[in-house]
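J.: Generate a structure from the sequence data that follows.
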Amino acid sequence: MYETIHMLHSYLAYIALAVLILAVINAISGLLGKRIFNMGKDLRLSLFALILCHIQLLVGLILYFVSPSGLSAIQEFGMGGLTSAARLLAVEHPFINILAIASITIGWSRHKKFVDGAKKFKSIAIFYSIGLLLILSRIPWGQWFN
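T.: All right, here's what the predicted structure looks like:
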């Protein structure tokens, strides 16, 4: 079960990250290009990024509780006994990614309050970019390409 969830979390990460990057680029180009917020393409791309990130978070939380690198590592070694690589997986990666998903969710919620397309794009561009940067900062890059 652990291997299946781990593979799902790994492969879904590529998809979620790609769609999130597309949503950020789309929001920035819409803001700079002074486009009208299209309820078809712009809305769907932003919503799809939000949904994929939330699914990734749920799979990651399940993985956190069944993985030997997650909660069980903290229970076995304690917070002081973790190496930097183990601390990244057990503490930093989950915590920062929860903050990233919260930022993305805030951006989605804020954009719905605006009527003006520029404000919608600005909200998505700022908060999705913050979420993207947080996610990129805590990806275990050493393990990601193995």
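J.: Check the offset of the longest helix along the chain from the chain's centre.
T.: Longest helix in the chain, counting residues (DSSP state H): helix 2-32. Chain-centre distance of helix 2-32: 7 Å, with Cα atoms, centre = their mean, to the nearest Å.
J.: Packing partners of it?
T.: helix 41-66, helix 117-137 (3 or more Cβ pairs under 8 Å, 6 or more residues apart in numbering; DSSP states H and E). In this view, the C-beta of every residue, glycine as well, is placed from N, C-alpha and C.
J.: packing partners for the longest one?
T.: In this structure, helix 41-66 packs against helix 2-32, helix 93-113, helix 117-137, with contacts taken as 3+ Cβ pairs under 8 Å, 6+ apart.
J.: okay if I get these as JSON lines plus mean pLDDT and distance to Cys53?
T.: Output for those, formatted as JSON lines (pLDDT from 0 to 100; distance: least, Cβ to Cβ, whole Å):
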{"stretch": "helix 2-32", "mean pLDDT": "93", "distance to Cys53": "5"}
{"stretch": "helix 93-113", "mean pLDDT": "94", "distance to Cys53": "5"}
{"stretch": "helix 117-137", "mean pLDDT": "93", "distance to Cys53": "7"}
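J.: Between the ones you listed, which one is closest to Leu45.
T.: Leu45 lies closest to helix 2-32 among those, at 5.1 Å (Cβ to Cβ).
J.: Can you tell me how far Met7 is from Leu63?
T.: 10 Å (Cβ to Cβ, to the nearest Å).
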